[in-house]
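Engineer: Provided below for reference: sequence and predicted model.
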Amino acid sequence: MHSKSEERRKPSVIIIGAGMTGILMTIKLKQMGIDEITILEKKEKVGGTWRENTYPGVACDIPAHMYTYSFEPNPEWSHRFAHGDEIQAYFERVSAKYGVTPLVRFNEAVTSARYADARWTVKTSKGNTFTADFVVCATGILHHPARPDIAGLGDFKGAMFHTAEWDHSVDLKGKRVGIIGTGSTAAQVIPELVKLAGSVSVFQRTPQWILKIPDHHYSESSKASWRKNPRRLSLYHYLYTKAVEHTFSKAVIGKWLQHRLADYLCRRNLRKSVKDPVLRAKLTPNYRVGCKRIIVNGTFYDAIQKPNAHLITDRIKQIEAKGVVTEDGKLHELDVLVLSTGFHPFNFMRPMDLRGEQSDIEHTWQKKVQAYRSIFIPGYPNFFLMLGPNTPIGNFSVIAMSEVQTQYVLKVIEKWRNEEFDAIDARPEALRAYNEYLKAGMSKTVWVGGCQSWYLDADGDPAMWPYSWQQWVKEMSEPDMRDFTTRTVGQTEPVLTGSGRS
Ligand code: NA7
């Protein structure tokens, strides 16, 4: 039991993951005066996605001045679309500046987390045990590489690796390189491969819609003026965010005009960029723009038309020691095979052994991977899943999403500090109602019907937010306490907060 004292009580918090969200949450907790924070990071550095993904051409497809923390604009971005290494450097710099890095226990993965009596007990790969009032799960979305289920994959005798595990020891110069996949990652890698390799065979299962937003280098004088006047930078952040919010984010949730615009721009890009009608036909998707995540890229179409690039649309039959065999019986001999086959987006914190009050996460999520307001898993009190299922995603900045969710979580923690409860849990009825609310909006979106994508869960439901960004921000502005049960330690029955609703 926590005793009352002159000072408001301070919680202990364990944060799992020192990527973009873990760094953000730590900064915000510290600013609230909460300093009993332990950050457990499985790898040797902060940065998450940007530490992991080092493939040639890695860059963010959201404009750099939008893809920054709102409180930490960066005058140093070199391009409109920042490269992976400078984004990594940005997170390392911010993490050091705000005193986050010293709180991180590196190379220490969480193996299990168990809840009992308003406390979490967390065990790690180093055999340590930590306890805390709250756990913030900031493990990210796309971090479990998906390997394709293709016969003979293990038989390939050349070098083979996934884009998220790029093997920089492999010299690609003059080699015969194959790449499976044509998603956002492949669209960035292929132009670099074409520059380096002798030949590049691109195995495309489904073509993708590509939007070209010209990239450009920021001059030294622009950077100098931003350094002098950070408010101009904040304005850039604001304007980019508004521009994306009112165009592409609305295009995918069914707004006619915005969808027409996105459709026009993607079709025009294809028509203008690819002159050969046969190649153009192969690159033309048969589903609506935005059904799969719109690829923002200005170099792929040029690259695929280079003489050493080959687009292969015959299905892959099997992989052999020497290369890839397609359904037409042809063996495509290769020295290197790159798997640009995406991620398992529904793994979240797993394979961690996560146990709530009654059940473990494998059972809880057996039928559906779901969370109330993307954050709360009923039965797992005081556990916050950041960027959980149905976080908006789309073509929006994931940093903006984390900032909104962080504010929401801090408001919950603030109530704990005010001794309103020791433990807080989302009601299962609230989760059901939330899911129905999401489902009601999905039919209008472009994600349903017509394509396969990583947005869809096992039931074919998009794990996305089907309404506007503005609506999400509004609904996330204050936790609706009617959707929770709370407890104080020693109390046997949970308390329904407010009037409750189903
Ligand atoms: P994506 O967008 O999930 O793309 C994966 C690609 O791999 C896609 O083209 C898939 O084809 C292809 N794929 C996957 N499995 C196979 C098999 N078995 N055979 C052939 N082709 C296959 O991943 P990315 O890494 O490009 O991007 C992920 C996100 O990262 C992106 O949306 C941004 O948010 C950043 P398919 O289209 O399924 O036919």
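Structural biologist: Received the coordinates, thanks.
Engineer: buried ones in the helix with the most length in the chain?
Structural biologist: Looking across the chain with DSSP state H, the single longest helix is helix 398-417. Buried residues in helix 398-417, counted by 16 or more other CB atoms under 10 Å: 398-406, 408-410, 412-413, 415-417. (Glycine included, C-beta is placed from N, CA and C.)
Engineer: repeat that for stretch 471-487.
Structural biologist: Here stretch 471-487 shows Trp472, Val473, Glu475, Met476, Pro479, Met481, Asp483, Phe484, Thr485, Thr486, Arg487 as buried, counting by 16+ other CB under 10 Å.
Engineer: for the last one, which non-adjacent residue is spatially closest?
Structural biologist: Here the nearest residue to Arg487 in space, its sequence neighbours aside, is Ala423; by CB to CB, 6 or more residues apart in numbering that works out to 4.5 Å.
Engineer: so that neighbour makes contact with Pro381?
Structural biologist: Yes. Using CB atoms under 8 Å, Ala423 makes contact with Pro381 at a distance of 4.2 Å.
Engineer: joint contacts of those two?
Structural biologist: Ala118, Arg487 (CB atoms under 8 Å, 6 or more residues apart in numbering).
Engineer: these two: which has the busier surroundings?
Structural biologist: Pro381 (26 against 22; other CB atoms under 10 Å).
Engineer: ramachandran angles for that one?
Structural biologist: Torsion angles at Pro381 (phi, psi; degrees, to the nearest 10) stand at phi -60, psi 150.
Engineer: which residues touch it?
Structural biologist: Tyr115, Ala118, Gly356, Glu357, Ala423, Ile424, Asp425, Arg487.
Engineer: cool, and Thr391?
Structural biologist: Thr391 touches Ile141, Ser374, Met401, Gln405, Trp465, counting by CB under 8 Å, 6+ apart.
Engineer: which parts of this protein sit against the ligand?
Structural biologist: Residues of the chain lying close to the ligand by CB under 6 Å from any ligand atom are 142, 148-150, 180-186, 205-206, 293, 316, 340-342, 452, 454.
Engineer: just the buried ones from the residues you listed?
Structural biologist: Buried members of the residues of the chain next to the ligand, counted by 16+ other CB under 10 Å: 142, 148, 150, 180-186, 293, 316, 340-342, 454.
Engineer: return the distance of the helix or strand just after the longest helix of the chain from the chain's centre.
Structural biologist: On the C-terminal side of helix 398-417, the closest following helix or strand by DSSP states H and E is strand 423-426. Distance of strand 423-426 from the chain centroid (CA atoms, centre = their mean, to the nearest Å) equals 25 Å.
Engineer: next secondary structure element downstream of strand 423-426?
Structural biologist: Using DSSP H and E, the helix or strand that follows strand 423-426 in sequence is helix 428-442.
Engineer: just for the protein, where's the confidence low?
Structural biologist: Scanning the chain for pLDDT under 70 picks out 1-6, 491-502.
Engineer: again, only using 80
Structural biologist: Across the chain, the ranges flagged by pLDDT under 80 are 1-7, 393-395, 449, 490-502.
Engineer: what's near enough to touch the spatially most central residue of it?
Structural biologist: The residue lying closest to the centre of the chain (CA atoms, centre = their mean) is Ile141, at 4.2 Å. Applying CB under 8 Å, 6+ apart to Ile141 gives the contacts Phe343, Pro345, Phe348, Leu387, Thr391, Ile393, Val398.
Engineer: show me which of the residues you listed is closest to the ligand.
Structural biologist: Comparing those against the ligand with CB to the nearest ligand atom places Phe343 closest, at 6.1 Å.
Engineer: which non-adjacent residue is nearest that closest one?
Structural biologist: Distance criterion CB to CB, 6+ apart; nearest residue to Phe343, sequence neighbours excluded, is Leu142 at 4.0 Å.
Engineer: for the one you found, which three-state class applies?
Structural biologist: Secondary structure assignment for Leu142 (DSSP: H, G, I helix; E, B strand; the rest coil): coil.
Engineer: check Ala113 too.
Structural biologist: Put simply, Ala113 is strand when judged by three-state DSSP.
Engineer: distance of it from the ligand?
Structural biologist: Taking CB to the nearest ligand atom, to the nearest Å as the measure, Ala113 and the ligand are separated by 27 Å.
Engineer: go ahead and confirm that residue touches Arg350.
Structural biologist: No. Look at Ala113 against Arg350 with CB under 8 Å: they stay out of range, at 11.4 Å.
Engineer: those two - which one has more neighbours?
Structural biologist: Neighbour count, other CB under 10 Å: between Ala113 and Arg350, Ala113 has more, with 26 against 15.
Engineer: what's near enough to touch the more buried one?
Structural biologist: Ile14, Ile16, Trp120, Thr121, Val122, Lys123, Val135, Met352, Asp353, Leu354, Arg355, Phe383.
Engineer: let's see which of these end up in strands.
Structural biologist: When these are checked against strands (DSSP state E), the matches are Ile14, Ile16, Trp120, Thr121, Val122, Lys123, Val135, Asp353, Leu354, Arg355, Phe383.
Engineer: so what's the fourth one up against?
Structural biologist: If you count contacts by CB under 8 Å, 6+ apart, Thr121 has them with Ala113, Arg114, Tyr115, Thr129, Phe130, Thr131.
Engineer: excluding sequence neighbours, find me the nearest residue to Met32.
Structural biologist: Leaving aside its chain neighbours, Met32 sits nearest to Leu410 (6.4 Å; criterion: CB to CB, 6+ apart).
Engineer: looking at it, that neighbour is touching Lys30, isn't it?
Structural biologist: No. The criterion here is CB under 8 Å, and Leu410 misses it with Lys30 at 11.4 Å.
Engineer: now, the most widely separated pair of the buried residues of stretch 471-487?
Structural biologist: Using CB to CB, the buried residues of stretch 471-487 span at most 29.7 Å, a distance reached by Val473 and Arg487.
Engineer: neighbours of Glu220, how many?
Structural biologist: 8.
Engineer: so how far is Pro75 from it?
Structural biologist: Remark: distance between Glu220 and Pro75 (CB to CB, to the nearest Å) = 11 Å.
Engineer: got the phi and psi for the residue of the stretch 201-350 of the chain at minimum distance from the ligand?
Structural biologist: Closest contact between the stretch 201-350 of the chain and the ligand, by CB to the nearest ligand atom, is at Gly342 (2.6 Å). Per-residue torsions, Gly342: phi 80, psi -160 (degrees, to the nearest 10).
Engineer: residues contacting the closest residue to it other than its chain neighbours?
Structural biologist: Using CB to CB, 6+ apart and skipping residues adjacent in sequence, the residue nearest Gly342 is Ala146, 5.1 Å away. Contacts for Ala146 (CB under 8 Å, 6+ apart) come out as Thr341, Gly342, Phe343, His344.
Engineer: same deal with Thr68?
Structural biologist: Counting by CB under 8 Å, 6+ apart, Thr68 touches Asn74, Tyr90, His237, Ile399.
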